[in-house]
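**Student:** Build me a model from this:
(one chain, ligands or ions: 1)
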Amino acid sequence: MNYQHNTVQAIEWSGRQLRLLDQRALPSQKIFLEYGNAPAVAEAIQDMVVRGAPAIGITAAYAVVLSAIEHGARLNWRQSVLRDIERLAASRPTAVNLFWALNRMRQCLEDADVAPIDSLLAEARSIHVEDIEANHHMGELGAALIESGDVITHCNAGALATGGYGTALGVIRSAYARGKIGTVYADETRPWLQGARLTAWELLQDDIPVTLLCEGAAASLMSSGRVSWVIVGSDRIAANGDVANKIGTYSLAINARHHGVRFMVAAPTSTIDMQAESAADIPIEQRNPLEILNLGGQRIAAEGATAWNPAFDVTPAELVDAIVTEKGVIMNPNTRNISALMSGD
Ligand code: MRU
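**Tutor:** A predicted model of the protein is given here:
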């Protein structure tokens with residue numbers, strides 16, 4: 001099925017250039033930036049022009065094509081492309097989809113005498129299309145778990161964060177279309193406000209009403225008894241089911257368990273890192289403290305205050321009710337059921 005134009009597209013390949021929707025400017029401006037080389041794309045990933053685990057992986061894959069186009073005619077093309085892959089890998093540490101996609105691209109270089117531009121492009125396109133298909137499938141599987149009620153989501157795990165349709169927002173889109181969701185609540189998601197700026201914008205494009213809340217209000221909302229599920233995406237899931245996602249996800253999971261609200265993680269299997277045994281093996285990105293001390297370029301914190309700014313946290317597996325992947329649903333995740341899903345048993 002061709003799903004490609006179902007939702008907003010944040011990543012576009014235009015012949016010999018990569019176009020990225022500048023997510024820093026949303027929702028007030030819809031600007032596409034053009035990229036012609038891999039180091040510039042690595043910088044765009046670092047600077048949050050494009051963000052969200054699957055979207056970062058897809059973007060990096062296209063950047064490897066740019067690298068092969070730029071260096072392909074040179075004698076030492078392979079060295080240059082591998083150097084660009086290293087640069088891309090250093091852009092953000094937590095989302096494993098980045099390394100997964102770069103590994104797929106690196107494999108295309110093996111045994112190639114000349115820069116394999118066509119097969120690199122075909123691989124990047126496959127990574128992109130497979131992600132959209134996985135999201136639609138997860139949407140169906142996740143929606144089937146929901147009976148009725150309101151839901152809370154955190155950050156943006158939507159079309160903007162993926163190839164299209166979204167992981168958590170894919171589930172929400174599918175469940176909303178079936179009349180299973182009353183209100184979609186979105187955490188504003190400090191400090192980058194992915195909830196307020198991106199999730200709200202993206203859902204409203206699809207005429208799905210959205211109600212914002214400060215993440216500190218989530219416990220109060222859950223105590224009302226209206227919320228049936230918290231639904232989030234992930235940047236990396238360890239082999240034991242521990243889930244790294246946007247900072248604040250862990251608090252939501254604790255709150256959810258306390259209030260009898262169920263907690264769903266929707267993520268493609270490219271987000272599951274079987275090399276990471278548990279949370280301890282997941283690197284957590286620390287970002288610039290100014291992201292917290294300032295707001296919209298203006299200092300808001302008292303002069304002299306410092307800030308701790310981890311971009312992600314890890315929710316222990318025991319707080320997760322369901323992990324929804326394109327290969328199936330894992331209830332109460334643990335090492336055994338994750339390994340069974342990943343090996344196809
Ligand atoms: O810092 P970001 O905006 O890249 O963080 C994104 C998230 O935490 C998303 O929830 C996660 O990548 C899943 S996206 C489908």
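**Student:** Find the residue closest to the residue in the stretch 151-300 of the chain that the ligand sits nearest to in space, skipping its chain neighbours.
**Tutor:** Relative to the ligand, the nearest point of the stretch 151-300 of the chain is G233 (2.8 Å; CB to the nearest ligand atom). Glycine gets a C-beta too; all of them are placed from N, C-alpha and C. Take G233 and drop its neighbours on the chain: the residue closest to it by CB to CB, 6 or more residues apart in numbering is A157, 2.8 Å away.
**Student:** list the contacts for the one you found?
**Tutor:** 52, 166-169, 232-233, 266 (CB atoms under 8 Å, 6 or more residues apart in numbering).
**Student:** close enough to count as contact, L20 and W13?
**Tutor:** No - the criterion here is CB atoms under 8 Å, and L20 misses it with W13 at 10.5 Å.
**Student:** what about the two, which has more around it?
**Tutor:** Neighbour count, other CB atoms under 10 Å: between L20 and W13, L20 has more, with 21 against 17.
**Student:** Would you confirm that that one belongs to a strand?
**Tutor:** Yes - read with DSSP: H, G, I helix; E, B strand; the rest coil, L20 is one of the residues of a strand.
**Student:** out of the contacts of A157, which one sits closest to A124?
**Tutor:** Closest approach to A124 among the contacts of A157 (CB to CB): G52, at 16.9 Å.
**Student:** residues touching the closest one, list them.
**Tutor:** Residues counted as contacts of G52 (CB under 8 Å, 6+ apart) are 95, 156-158, 160-162, 233.
**Student:** Throw these into CSV and include secondary structure and pLDDT, thanks.
**Tutor:** Listed next are those as CSV, based on DSSP: H, G, I helix; E, B strand; the rest coil; pLDDT from 0 to 100:
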residue, secondary structure, pLDDT
A95, coil, 98
N156, coil, 98
A157, coil, 98
G158, coil, 98
L160, helix, 98
A161, helix, 98
T162, coil, 98
G233, coil, 98
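**Student:** which other residues reach the helix-or-strand element of the chain with minimal mean pLDDT?
**Tutor:** Least confident helix or strand of the chain, by mean pLDDT, DSSP states H and E, is strand 294-295 with a mean of 94. Residues outside strand 294-295 that contact it (CB under 8 Å, 6+ apart) are 191, 300-301.
**Student:** same thing but 7 Å
**Tutor:** I300 (CB atoms under 7 Å, 6 or more residues apart in numbering).
**Student:** Quick check: neighbours of the next helix or strand after it in the sheet, parallel or antiparallel?
**Tutor:** Downstream of strand 294-295, the next assigned helix or strand under DSSP states H and E is strand 298-299. Strand pairing for strand 298-299, determined by DSSP bridges: strand 294-295 (antiparallel).
**Student:** now the strand it pairs with, how far from the centre of its chain.
**Tutor:** For strand 294-295, the separation from the chain centroid amounts to 24 Å (computed by CA atoms, centre = their mean, to the nearest Å).
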